[in-house]
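**Q** predicted model and sequence follow; I will ask about them next.
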Amino acid sequence: MALLCYNRGCGDRFDADKNSDECQVVMVGVKCKNTGCKTIYQGPETDAEICFHHPGVPVFHEGYKYWNCCCIKTTDFNAFLDQKGCTTGKHCWIPKQDKKKVACRHDWHQTGNQVVVTIYAKNCSPEHSSVEANRTVLTCHIQFEGDKVFHKDIHLWGVIDVKSSFVNMVPSKVEVTMRKADAVAWGKLEDPKHKPEPEVTNDMNNTEQEDVKPDWYISDDDISESDWEDDDEEDKKESEEKKEKQEDDGPPELEEPADVPPEK
């Protein structure tokens, strides 16, 4: 399914072979973004030059400065900056952006012959986005607002005609119009029989393992105040009964002294 240009009145479809990152406008005077390369863009002829750069990262240790890709150590910072790249490649005039996956609001509606999925992704990038489908699965990968990425695999409720389906991008949203293979009403967008695999999360680093208690252990939280009061009343009643029994029996009898033999 091809993407339509969202410029009003254009009607052209996006071609990944023709509309690539290299087609973006590069201003004269822009420095190559590859680390260690100092080449300045002077025009299309600059692209033919070889780019010498460092694919590694800088290391500063015990006064020495070097790149971990070539390990040429020096103590002079200016000499470190002037080190020629150890790897050759193509110049990069456009900085690469870090992408992060996010959730994005989306919904759907249907007509007699079509199902339309709307993804509310503002200012999406056609050259970094893709929409793929077969007869029963729709895969949307949308990059929007610079570095945000929305990705979703939709297992469809019904069957679609891929060749008659298309995608339309406008500044405020992305619309995927799918042609139904059969003119029947869909109960839902997604197949209820399909159960996506749950995301695996590792919570062991954030939670501590609880202490294992023996079967006879009873926490103080499991004993209510009424339990303590019942025990106090029983002890008090038992002590009063012992006291009354002693009063009824009278004073305790004195023991007779034992005979002690005289000392020799």
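**A** Ah, there it is.
**Q** what's the domain layout of this protein?
**A** What the record gives for the chain is the domain set 3-7+98-180, 27-89, from automatic domain parsing.
**Q** can you tell me which of these is most buried?
**A** Compared across these, domain 3-7+98-180 shows the largest average neighbour count, a mean of 16 (mean count of other C-beta atoms under 10 Å). The way it works is simple: take the backbone N, C-alpha and C, and place the C-beta from them, glycine included.
**Q** now do it, average pLDDT.
**A** For domain 3-7+98-180, the mean per-residue pLDDT is 87.
**Q** start to end distance for stretch 53-66?
**A** End-to-end distance of stretch 53-66 (C-alpha to C-alpha, to the nearest Å): 13 Å.
**Q** equivalent analysis for stretch 145-161, please.
**A** Its first and final residues considered, stretch 145-161 spans 31 Å by C-alpha to C-alpha.
**Q** surely T177 forms part of a helix?
**A** No - T177 is assigned strand when assessed by DSSP: H, G, I helix; E, B strand; the rest coil, not a helix.
**Q** that one and E238, how far apart?
**A** Going from T177 to E238 by C-beta to C-beta, to the nearest Å gives 85 Å.
**Q** do the same with R135
**A** Computed as C-beta to C-beta, the R135 to E238 distance reads 83 Å.
**Q** just K148 next, same as before
**A** Distance, K148 to E238, by C-beta to C-beta: 74 Å.
**Q** now do the strands in the stretch 51-200 of the chain.
**A** Using DSSP state E, counting those that start in this stretch, the strands of the stretch 51-200 of the chain run over 51-53, 58-61, 64-67, 87-89, 100-101, 106-110, 114-119, 130-133, 137-144, 148-155, 160-170, 173-180.
**Q** other residues contacting the second one?
**A** Contacts of strand 58-61 from elsewhere in the structure, counted by C-beta atoms under 8 Å, 6 or more residues apart in numbering, are K65, Y66, W67, N68, F80.
**Q** got it, and the fourth one?
**A** Under the criterion C-beta under 8 Å, 6+ apart, residues N34, I50, C51, F52, H53, H54, P55, C69 lie in contact with strand 87-89.
**Q** of those residues, which pair is most distant in space?
**A** By the measure C-beta to C-beta, I50 and C69 form the most distant pair in these, at 16.9 Å.
**Q** what sits against the nearest residue to V116 once chain neighbours are set aside?
**A** Of all residues not flanking V116 in the chain, T177 sits nearest, at 5.2 Å (C-beta to C-beta, 6 or more residues apart in numbering). Going by C-beta under 8 Å, 6+ apart, T177 touches Q114, V115, V116, S165, F166, V167, N168.
**Q** before we move on, what about D107?
**A** Each residue near D107 by C-beta under 8 Å, 6+ apart is listed here: V117, T118.
**Q** ok so, going back, closest one to P192 among the strands of the stretch 51-200 of the chain?
**A** Of all the strands of the stretch 51-200 of the chain, it is strand 148-155 that lies closest to P192, at 9.6 Å by C-beta to C-beta.
**Q** and the closest one, what does it pack against?
**A** With contacts defined as 3 or more C-beta pairs under 8 Å, 6 or more residues apart in numbering; DSSP states H and E, the packing partners of strand 148-155 are strand 100-101, strand 137-144.
**Q** using a markdown table, please lay out these together with distance to W186.
**A** Output for those, formatted as a markdown table (distance: least, C-beta to C-beta, whole Å):
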| stretch | distance to W186 |
| --- | --- |
| strand 100-101 | 27 |
| strand 137-144 | 13 |
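**Q** W157 is nearest to which of these?
**A** Shortest distance between W157 and those, using C-beta to C-beta, is found for strand 137-144: 11.0 Å.
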